[in-house]
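1. Build me a model from this:
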Amino acid sequence: MKASRRDFIKKTTLITTGIGLGTGPAWTKNILTANDRINVGLIGCRNQGFGVLKNFLQTGQINCLGLCDIDQNILDEKLAE
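-> Model prediction:
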């Protein structure tokens with residue numbers, strides 16, 4: 001039996017959704033372990049990137065391991081913040 005691309009995508013979506021509903025991600029259960037934390041680094045600390053990082057950090061599930069920016073003044077400002 002030959003499956004079409006559309007059937008493959010439909011079945012894959014249904015299976016993935018079923019698995020997701022069955023187990024659920026760790027952050028929906030409010031039970032965090034060291035393995036559930038995400039480590040990130042930010043390259044380009046101005047405006048949008050830093051705003052996204054701040055929102056992620058507020059969740060308590062993200063560790064920022066490093067910041068990088070070509071402008072030392074911006075980097076110093078964001079490190080202080």
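
2. so how far is Gly66 from Asn39?
-> 9 Å (C-beta to C-beta, to the nearest Å). C-betas here are computed from N, CA, C, even on glycine.

3. Phe56 now?
-> For Phe56, the distance to Gly66 (C-beta to C-beta) stands at 14 Å.

4. Name the residue in these two with the higher neighbour count.
-> Comparing Phe56 with Gly66 by other C-beta atoms under 10 Å, the one with more neighbours is Phe56, at 16 against 9.

5. Please report the confidence value the model assigns to the more buried one.
-> The model reports Phe56 with a pLDDT of 85.

6. Let me know whether it touches Asn39 as I believe.
-> No. Phe56 is not in contact with Asn39 according to C-beta atoms under 8 Å; the separation is 11.2 Å.

7. shared neighbours of these two, which are they?
-> Contact with both Phe56 and Asn39 is made by residues Ile62, according to C-beta atoms under 8 Å, 6 or more residues apart in numbering.

8. who's in contact with the residue at minimal distance from the centre of the chain?
-> Residue closest to the average C-alpha location in the chain (C-alpha atoms, centre = their mean): Ile38, at 7.2 Å. Neighbouring residues of Ile38 by C-beta under 8 Å, 6+ apart: 61-63.
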